[in-house]
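S.K.: Here you go, sequence then predicted model.
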Amino acid sequence: MKPYLTLLLLFISSSLICQQILPEEERAQVIDEILNERFEVLLPELMDQSDMDMWILISREYNEDPVLRTMLPATWLNARRRTILLFYRDKTKNTIEKLAVARYNVGNNISSAWDKEKEPDQWQRLIQLIEERNPKKIGLNYSKDHNIADGLDKTDYEEFLQNLPREYASRIVSAEQLAVRWIETRTEREMVIYNQLVSITHQIIAEAFSEKVITPGITTTTEVEWWMRQKVTDLGLETWFHPTVDVQRTNDELEGHLYSFSGRPDQMVILPGDLLHCDFGITYLRLNTDCQELAYVLKPGEKEAPEFLKQGLKDGNRVQDYLTKNMIRGRTGNQILKIALDQAKEAGFRPAIYTHPLGSYGHSAGTTIGMWDSQGGIMKDDGENYPLNPNTVYAIELNTTINVPEWNRDIRIMLEEAGFYGEEGFRYVNGRQTELLLIPRVTEHLGN
């Protein structure tokens, strides 16, 4: 392809997305600026809240602790050799030290504290730093309840203990609360960026669920999935999971929840009268989205979706409301789940709620509010006792089952939107779907 044609296609592709997507160098600058604020402002607060004066993270190249990965500067795509980070908080002096037991600085925020020529043994240099500061607690990333806070591998843990003087062994504690708070907490600037990120996600879905991509009777669900994946790549972004597109229609039975993840037929042709559903998320500036929306394929002569589908979406919005109004600081995921489900059922709905934290990872750390296969509450090792904290983001993921007499069957209204829980309560990051997307869009000037 000729260079000018390539540039033209790139321009057309990017022009359909209203939000500006930064080039790589500018992304790196933003990422590092946000990291600096998180280290200087957020980390001391979190260490104080967790009553932790020393936090040590240990990783080897290509086997990174999930928390340490979020601390690397934009130009570090992986840890190097064995990377050890040490954070020491002196609350009385209101200082925080950010040190790397590594041969070089880790970006501009974490200073190298190891001269191999003076002390050849990396572990011994770490012990020297510990002894010089004499911490009350030494937090390490191991956890039964939170997988993202369980990043210290067996080898590094054993070598650390072998080198640590005996008098410090009793000071070792799990840093799970601090690790989860670091992963789940968003800064004010991150939330400004998050709005843009979710807006891009919504725009891609709107284009995918339109006549620009779908020709009823010809286009398949698989083709739409790959179009979405390619669209993200063309925009210079990434997906953190492969998109899914599925169909509910008059002559099909209601499938189980696993249907959206496995067992769906490939190359299912999209037809007029279908209710389309997608599950889609992108990664940008080290944040992630997760969104599910619905579209209706108009039959010849139709200008709007059937009333029962429009009402079904309203029912889904009602279930969202039961959930989000019960997101109250200090409540655990299981408490929120039970109250929201009870209230929705009392109102006559048939809901299922499986809302998860969202942020540095798609299925992130924090307060989990149900799972699709654990509607009675999640088990202890999934962190059900973890309370809801402010300045956190969630994928408000749920469904409600409705009966459609016109189709002589039940269907599920499946929805998912990014929501922010802040000091003033809950809000959607970039709105939520309250109307079905129509394929094709109605063209009033043509009378159809």
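M.R.: Good, I have the coordinates.

S.K.: rest of the way, CA atoms for contacts and neighbours
M.R.: Will do.

S.K.: which SS state does Gln320 fall under?
M.R.: helix (DSSP: H, G, I helix; E, B strand; the rest coil).

S.K.: what does stretch 109-128 rub up against?
M.R.: 35-36, 39, 85, 98-106, 160, 163-165 (Cα atoms under 8 Å, 6 or more residues apart in numbering).

S.K.: So what would you say the end-to-end distance of it is?
M.R.: Taking Cα to Cα, to the nearest Å, the first and last residues of stretch 109-128 lie 21 Å apart.

S.K.: So what's the gap between it and the chain middle?
M.R.: Stretch 109-128 sits 35 Å away from the centroid of its parent chain (Cα atoms, centre = their mean, to the nearest Å).

S.K.: swap in stretch 181-189?
M.R.: 12 Å.

S.K.: mind listing what's buried in that stretch?
M.R.: In terms of neighbour count (16 or more other Cα atoms under 10 Å), stretch 181-189 has its buried residues at Arg181, Trp182, Ile183, Glu184, Thr185, Arg186.

S.K.: Low-confidence ranges, the stretch 1-150 of the chain, go.
M.R.: For the stretch 1-150 of the chain, the stretches with pLDDT under 70 are 1-19.

S.K.: just the helices in it please.
M.R.: Secondary structure of the stretch 1-150 of the chain (DSSP state H, counting those that start in this stretch): helices located at 3-15, 24-37, 43-49, 66-69, 122-133.

S.K.: Now the buried members of the contacts of stretch 109-128.
M.R.: Buried subset of the contacts of stretch 109-128 (neighbour count, 16+ other Cα under 10 Å): 35-36, 39, 85, 98-103, 106, 160, 164.

S.K.: could you dump the residues you listed to a markdown table with distance to Gln124?
M.R.: Formatted as a markdown table, those follow (distance: Cα to Cα, whole Å):
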| residue | distance to Gln124 |
| --- | --- |
| Leu35 | 29 |
| Asn36 | 28 |
| Phe39 | 26 |
| Leu85 | 14 |
| Lys98 | 18 |
| Leu99 | 15 |
| Ala100 | 13 |
| Val101 | 10 |
| Ala102 | 12 |
| Arg103 | 14 |
| Val106 | 20 |
| Phe160 | 10 |
| Leu164 | 9 |
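
S.K.: between these, which is nearest Val213?
M.R.: Leu35 (38.3 Å; Cα to Cα).

S.K.: coming back round to it: let's see which of the buried ones among the contacts of stretch 109-128 end up in strands.
M.R.: Those of the buried ones among the contacts of stretch 109-128 mapping onto strands are Leu85, Lys98, Leu99, Ala100, per DSSP state E.

S.K.: quick one: which of those is nearest to Ile193?
M.R.: The closest of these, once distances to Ile193 are taken by Cα to Cα, is Lys98, at 25.9 Å.

S.K.: circling back: just name the most buried of the helices of the stretch 1-150 of the chain.
M.R.: Ranked by mean neighbour count, the helices of the stretch 1-150 of the chain are led by helix 66-69 with a mean of 20 (mean count of other Cα atoms under 10 Å).

S.K.: got the contact list for that helix?
M.R.: The contact list for helix 66-69 (Cα under 8 Å, 6+ apart) reads Leu57, Ile58, Ser59, Asn78, Ala79, Ile148, Ala149, Gly151, Ala179, Trp182, Ile183.

S.K.: Could I have the CA atoms of stretch 430-438 written out in PDB?
M.R.: C-alpha atoms of stretch 430-438 as PDB (Å, rounded to 0.1, in the frame of the first residue of the first chain):
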ATOM      1  CA  ASN A 430     -18.900   8.100  31.500                       C
ATOM      2  CA  GLY A 431     -22.600   7.500  31.800                       C
ATOM      3  CA  ARG A 432     -24.500   4.200  31.200                       C
ATOM      4  CA  GLN A 433     -26.600   2.700  28.400                       C
ATOM      5  CA  THR A 434     -30.300   3.700  28.800                       C
ATOM      6  CA  GLU A 435     -31.400   3.200  25.200                       C
ATOM      7  CA  LEU A 436     -30.700   0.300  22.800                       C
ATOM      8  CA  LEU A 437     -28.400   0.900  19.900                       C
ATOM      9  CA  LEU A 438     -30.200   0.500  16.600                       C
END
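
S.K.: the longest helix in this protein is where?
M.R.: Ranked by residue count under DSSP state H, the longest helix found in the chain is helix 188-208.

S.K.: Export the contacts of helix 66-69 as JSON lines, with columns for distance to Asp266.
M.R.: Converted to JSON lines, the contacts of helix 66-69 look like this (distance: Cα to Cα, whole Å):
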{"residue": "Leu57", "distance to Asp266": "44"}
{"residue": "Ile58", "distance to Asp266": "43"}
{"residue": "Ser59", "distance to Asp266": "40"}
{"residue": "Asn78", "distance to Asp266": "36"}
{"residue": "Ala79", "distance to Asp266": "39"}
{"residue": "Ile148", "distance to Asp266": "33"}
{"residue": "Ala149", "distance to Asp266": "37"}
{"residue": "Gly151", "distance to Asp266": "37"}
{"residue": "Ala179", "distance to Asp266": "40"}
{"residue": "Trp182", "distance to Asp266": "40"}
{"residue": "Ile183", "distance to Asp266": "36"}
